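Chemist: Let me see the structure of the following:
(chains A, B and C)
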Amino acid sequence: MSSMNPAETAQAPDSASQTPGHVWAARSGAGGAVATVWLSHPGRHNAISVAMWRELAESFRRFAGDHQLRAVVIRGESGAFAAGADVSEFSQVRVTRDQVIEYHERLIGDALRAILQCPAPVVAAIDGSCVGGGLEIAAVCDLRIASDRSRFGIPAGRLGFPVAPFEAACLVSLIGRANALELLLEGRLWSAEEAHTKGLVNRVHSRDDWENEVEACIGRIIANAPHAARRNKWLVHLLSRIDDQATLSEGQRQACWDFADTHDYARGLDAFLTKTRPQFQHD
Amino acid sequence: MSSMNPAETAQAPDSASQTPGHVWAARSGAGGAVATVWLSHPGRHNAISVAMWRELAESFRRFAGDHQLRAVVIRGESGAFAAGADVSEFSQVRVTRDQVIEYHERLIGDALRAILQCPAPVVAAIDGSCVGGGLEIAAVCDLRIASDRSRFGIPAGRLGFPVAPFEAACLVSLIGRANALELLLEGRLWSAEEAHTKGLVNRVHSRDDWENEVEACIGRIIANAPHAARRNKWLVHLLSRIDDQATLSEGQRQACWDFADTHDYARGLDAFLTKTRPQFQHD
Amino acid sequence: MSSMNPAETAQAPDSASQTPGHVWAARSGAGGAVATVWLSHPGRHNAISVAMWRELAESFRRFAGDHQLRAVVIRGESGAFAAGADVSEFSQVRVTRDQVIEYHERLIGDALRAILQCPAPVVAAIDGSCVGGGLEIAAVCDLRIASDRSRFGIPAGRLGFPVAPFEAACLVSLIGRANALELLLEGRLWSAEEAHTKGLVNRVHSRDDWENEVEACIGRIIANAPHAARRNKWLVHLLSRIDDQATLSEGQRQACWDFADTHDYARGLDAFLTKTRPQFQHD
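Modeler: A predicted model of the protein is given here:
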């Protein structure tokens, strides 16, 4: 989702291009050692459409068996990382409870799990808006390097819905209880510096240095023995126990989707799409 | 408990008022959407008496069924948050092992659990001393916003006793192993800035801005769909697993109360109340 | 292990003294309340040899039954904490899979567990290189106080091997997933300030103040009731669940040693010892 801040609403429909957006990968380095995955949705701050979530999962699934791969970079085109899931599609694909579960457990979940399970290290190179689903993509990468003009947030509550359980587990495992609650309960956008202080990104660089710093980071990663890098990633992930399944009972998981049956969910989406202020009623 | 620092000992008996202190709640906002819970113990830096722990638990239990409630603020009167549990009562209510268990497992535990389980988001608005039991109250809130003159610490070791298991679990879940050990093993007071760096508070503002920033934070929280806010809180808490019961065996829990049978516990309390330096003997 | 940075390679064999290094303890304070454990390997930045790992474990095992002991400080001689395990011994003691398991599970594991299980609080006083095994020693201490010229890192990937499972568990429990991955996947050295920002050390002081600050910290620790200090340490450690055994299956643990059978492990060690750049092949 995108922020309600007027400066961040480029993904709202009236400024939308008619393309569904695209995720594509390029290889570089000796033997194609480095893959760059581009998030691209022109004019929409790279809002992630259903098609893009699928392409993202597909790209990372292809990496799984690739012995040459030493590192992956995810980045966005044209001055944004990703402004969120593509809310303009929600009235088609994410209305009923079944659709909501399908959208999060399968569509987003498959993409995030494919990134988490990529055997090679994955770096999020963040320059610009990194919001909602975009922030969740960054959260499952192994390192996050941001330019100082980046902005971070999860304003889902303004759109009338809570964060999904697996997505919450990724977030809590990254920044802990206090920061996750601050992000979700306020829905405020964080500057790059605040995101750094709170552990949401590893490093912040000026826009001028950022590109070189991402490259230097990848250079360091691929200077290590590939087997050691993959094993270190695998081991730290296992020890971090990013797992909503073991923590939540089935009833608790089901309760996470109750919002689909509330009137406030419809009010929130409608207000976002019509650029008005939602009047929530707790019903 | 309070600090041994002379500047922080206003809760010591000789400066005590004769009132047991009071916790009370006020409602504001459209439909009474916001509750403010005041900690009040005049002349004692709001040291939390037995009566106040009970009123605190009672206030939050009432909130549990309140559908109108959108956010809660906890704050202290007269330039302090709370300087700790009211140590001047300990010689009556917290001497024997049974009393110690009752005091922590029931009295403090009930209050902290009622705050944790409050369905609406809870913000600690901290201005001044936030020590011992006061810090523990802040630790179970969802957000902590501090003025720059606030001070934080848990100097229980100087009074001759360790932190209780559930209270330790809340602290470790908030700031992690390294910071919790620093806080408990040194017993040093932290400035607001240090508390921020170490994740104990979400934000620090100058005394002049602090009141407005608390209000702005509450404004952001209640602009979100109430169902989403409550679900986000509930979910992050579940995923954070604040639980001493599952982590500690029954024997380990019992060992946490062994201090009640040591001479050093009596020495520490006595030194605190007589404002002398304790001579601990490890017996 | 040591860094590949030329400034950090004093532990490489050609500059080696012929002594295997030594770990020794001294007592100070009233009744010998404070033990200082010295890491000493002259001319090698205190690289930890097999003999030193054993002496370290032995020192801390002796502390376990010592009722007089109130605090322990670990520090290095001559301007370093410890530049890592003594890699110059690896060709004798850490080549085969069985040797690798013995080296980590027994030798390093016994030393780290003895420090973790020391009943009294343990402070790492860090001034200079704190790398590889040196950083792991610091990570299992209860507090870490660093001078501003200290440097931190785990460049094992450059030497062709991943971090061992228990050592990874200690690291992840201290600094979390994001920082542990940054440390391991880049293999970059962190300044004292960066280590502080990322929670790897509790405090950083100028070289001039550092000695006094360590002393002040110990003074605060021993001003607390000894029983309370020991119980606080024990309780926070239990709640922090530093445990690779419960998290990893037996098969997963075995996979952590697969590196011993790779050619890249031999290439990495050889490059380190000959001060050349390793050409890893992922085989």
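Chemist: Just the closest residue of chain A to chain B, please.
Modeler: Residue of chain A nearest chain B, by C-beta to the nearest C-beta: residue A:157 (3.0 Å). The C-beta positions use only the backbone N, C-alpha and C, and glycine is treated the same way.
Chemist: which SS class is that residue?
Modeler: Here residue A:157 takes the helix state, with states given by DSSP: H, G, I helix; E, B strand; the rest coil.
Chemist: Quick check: it vs residue B:266, distance?
Modeler: Residue A:157 sits 51 Å away from residue B:266, taking C-beta to C-beta, to the nearest Å as the criterion.
Chemist: what sits against residue A:197?
Modeler: residue B:197 (C-beta atoms under 8 Å, 6 or more residues apart in numbering or on different chains).
Chemist: same thing but at 10 Å, please
Modeler: Counting by C-beta atoms under 10 Å, 6 or more residues apart in numbering or on different chains, residue A:197 touches A:179, A:190, A:191, A:204, B:196, B:197, B:199, C:197.
Chemist: Looking at residue A:157 and residue B:266, which is more packed in?
Modeler: residue A:157 (29 against 14; other C-beta atoms under 10 Å in any protein chain shown).
Chemist: which residues of the stretch 101-250 of chain A fall in helices?
Modeler: A:109-116, A:133-139, A:165-186, A:192-197, A:207-222, A:226-240, A:250-255 (DSSP state H, counting those that start in this stretch).
Chemist: could you dump those to TSV with distance to residue A:279?
Modeler: Below are the helices of the stretch 101-250 of chain A laid out as TSV (distance: least, C-beta to C-beta, whole Å):
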stretch	distance to residue A:279
helix A:109-116	32
helix A:133-139	26
helix A:165-186	19
helix A:192-197	30
helix A:207-222	39
helix A:226-240	40
helix A:250-255	25
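Chemist: Adding mean pLDDT, write those out as CSV.
Modeler: Converted to CSV, those look like this (pLDDT from 0 to 100):
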stretch, mean pLDDT
helix A:109-116, 97
helix A:133-139, 98
helix A:165-186, 97
helix A:192-197, 97
helix A:207-222, 98
helix A:226-240, 95
helix A:250-255, 89
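Chemist: of all those, which lies closest to residue C:164?
Modeler: Among these, helix A:226-240 comes nearest to residue C:164, with 8.9 Å by C-beta to C-beta.
Chemist: Please list all residues in contact with the residue nearest to residue A:28 when sequence neighbours are not counted.
Modeler: Distance criterion C-beta to C-beta, 6 or more residues apart in numbering or on different chains; nearest residue to residue A:28, sequence neighbours excluded, is residue A:34 at 5.1 Å. Neighbour list for residue A:34: A:26-28, A:68-73, A:120, A:123, A:215, A:218-219, A:221-222 [criterion: C-beta under 10 Å, 6+ apart].
Chemist: Make a PyMOL selection of the buried ones in those.
Modeler: Those of those that count as buried under 16 or more other C-beta atoms under 10 Å in any protein chain shown are selected in PyMOL with:
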select buried, chain A and resi 69+70+71+72+73+120+123+218+221+222
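Chemist: out of the contacts of residue A:34, who's nearest chain C?
Modeler: Distances from chain C to the contacts of residue A:34, taken by C-beta to the nearest C-beta, are shortest for residue A:221, at 5.4 Å.
Chemist: what sits against that closest one?
Modeler: A:33-34, A:70-73, A:120-123, A:142-143, A:229, C:157, C:185-188.
Chemist: Apart from its neighbours in sequence, what residue is nearest it?
Modeler: Per C-beta to C-beta, 6+ apart, closest to residue A:221 is residue A:71, 4.7 Å.
Chemist: just checking, the one you found touches residue A:33?
Modeler: Yes - the criterion here is C-beta atoms under 10 Å, and residue A:71 meets it with residue A:33 at 7.0 Å.
Chemist: what sits in contact with each of those two?
Modeler: A:120, A:218, A:221, A:222, A:226.
Chemist: and the last one, how many residues sit next to it?
Modeler: Residue A:226 sits with 26 neighbouring residues when counted by other C-beta under 10 Å.
Chemist: distance of it from chain C?
Modeler: 4 Å (C-beta to the nearest C-beta, to the nearest Å).
Chemist: Leaving out the residues flanking it, which one is nearest to that residue?
Modeler: Per C-beta to C-beta, 6+ apart, closest to residue A:226 is residue C:282, 4.1 Å.
Chemist: swap in the second one?
Modeler: Among residues not flanking residue A:218 along the chain, residue A:71 sits closest, at 5.2 Å (C-beta to C-beta, 6+ apart).
Chemist: go on, the fourth one?
Modeler: Closest residue to residue A:222 apart from its sequence neighbours, by C-beta to C-beta, 6+ apart: residue A:70 at 4.3 Å.
Chemist: hang on, that neighbour packs against residue A:218?
Modeler: Yes - between residue A:70 and residue A:218 there is a contact under C-beta under 10 Å: 8.6 Å.
Chemist: shared neighbours, the two?
Modeler: When contacts are counted by C-beta under 10 Å, 6+ apart, residue A:70 and residue A:218 have A:29, A:33, A:34, A:121 as shared neighbours.
Chemist: Now do stretch A:151-168: distance to the chain's middle.
Modeler: 11 Å (C-alpha atoms, centre = their mean, to the nearest Å).
Chemist: end-to-end on it?
Modeler: 19 Å (C-alpha to C-alpha, to the nearest Å).
Chemist: which parts of the stretch 1-150 of chain A sit against chain C?
Modeler: Contact residues, the stretch 1-150 of chain A versus chain C (C-beta under 10 Å from any C-beta of the partner chain): A:31, A:33, A:67-71, A:120-123, A:139, A:141-145.
Chemist: So, low pLDDT: which residues of chain A?
Modeler: Across chain A, residues meeting the criterion (pLDDT under 70) sit at A:1-18.
Chemist: how many other residues sit next to residue A:183?
Modeler: Residue A:183 has 25 nearby residues by other C-beta under 10 Å.
Chemist: Tell me how far the nearest residue to it once chain neighbours are set aside lies from chain C.
Modeler: In space, and not counting its chain neighbours, residue A:183 is closest to residue A:154: 5.4 Å by C-beta to C-beta, 6+ apart. Distance check for residue A:154 against chain C: by C-beta to the nearest C-beta, it reads 17 Å.
Chemist: how close does the residue nearest to residue A:28 sit to chain C?
Modeler: 14 Å.
Chemist: Surely residue A:61 and residue A:110 touch.
Modeler: Yes - using C-beta under 10 Å, residue A:61 makes contact with residue A:110 at a distance of 8.7 Å.
Chemist: give the contact list for residue A:198.
Modeler: By C-beta under 10 Å, 6+ apart, the neighbours of residue A:198 are A:152, A:174, A:175, A:176, A:178, A:179, A:180, A:182, A:183, A:190, B:199, B:202.
Chemist: And it, its phi and psi?
Modeler: Backbone torsions of residue A:198, given as degrees, to the nearest 10, read phi -90, psi 10.
Chemist: what do you get for residue A:39?
Modeler: phi -100, psi 120.
Chemist: Could you do residue A:200 as well?
Modeler: phi -80, psi -30.
Chemist: What count of nearby residues applies to it?
Modeler: Residue A:200: 25 neighbours (other C-beta under 10 Å).
Chemist: Likewise for residue A:29?
Modeler: Neighbour number of residue A:29 under other C-beta under 10 Å is 16.
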